[in-house]
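**Q** give me a 3D structure for the following:
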Amino acid sequence: MEVVECPRTTTGAVANQTLRRSPDEILAAKLEETQFSVTEFLEDLVKERVFADVISQVSTREKPNSYFAGSPPDVVFVRREALLRGRRSRLAYVYARTLYLAAALPPSARNDLQETDDPIGAVIVRHGLRVERERVCVEPPLLPFDWDNETSIYARRYGVKIAGKPAMQISEWFLSNLVVFLSADSVDQVGSEASDFKIDRTAP
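**A** Prediction:
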């Protein structure tokens, strides 16, 4: 899948823009190669389960942007902001902004997103939804808010189709807590059959 630069937008925070090139490049390459959801990829990388620390989740009937131009009028969208944190370490690894069309998900999946701390990727996998990721582009690395002088090492935005129709638009900022996991040696086994790390997805 081709990766392009997103249109530049103004971000709220002013942070250190110096990137550690090696982790940035390793992470971008591994994300491009993986067939996993972001949740599965992240758990395999950091060797712990992750959960969604939801910052906000609000419904709106305002059609947000051209990606959803073909959607029927007066449909409900949900704007969701969350930090993906390690369930054991509580470290924040990814800040994600998601805009999704509520009707594109089955009611049971919508309930999971509203009532549990499962990340979107885990919900998609559990409900067996067949998704297509498209329009991957690279975001400016600055976080769109001022959060403890944190800066991301890599950021991207993409659309997600379900049943061939636009269902979600997701922006992800991968945070500096991931750097320690991104040496060449540490990522060689991520997503490979040789990895001995397995997540028990039946565990609470």
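**Q** ok now the top helix by length along the chain, how far from the chain's centre?
**A** With secondary structure taken from DSSP state H, the chain has its longest helix at helix 21-33. Here the centre of helix 21-33 is set off from its chain's centre by 15 Å, with CA atoms, centre = their mean, to the nearest Å.
**Q** do stretch 160-172 as well
**A** On CA atoms, centre = their mean, the centre of stretch 160-172 falls 12 Å from that of its chain.
**Q** just the buried positions in that stretch, please.
**A** Buried residues in stretch 160-172, counted by 16 or more other CB atoms under 10 Å: 160, 161, 162, 166, 167, 168, 169, 170, 171, 172. C-beta here means a position set from N, CA and C on the backbone, and glycine is covered the same way.
**Q** name the helix or strand for the fourth one, please.
**A** Just to be clear, that refers to residue 166. Using DSSP states H and E, residue 166 falls within strand 165-175.
**Q** kindly report the same for residue 136.
**A** Here residue 136 is assigned to strand 131-138, by DSSP H and E.
**Q** okay, the angle between that strand and helix 21-33?
**A** 150 degrees (axes from the mean of the first three to the mean of the last three CA atoms, to 10 degrees).
**Q** mind listing the strands the next helix or strand after strand 131-138 pairs with, and their directions?
**A** Downstream of strand 131-138, the next assigned helix or strand under DSSP H and E is strand 152-162. Paired neighbours of strand 152-162 in the sheet (DSSP bridges): strand 131-138 (antiparallel), strand 165-175 (antiparallel).
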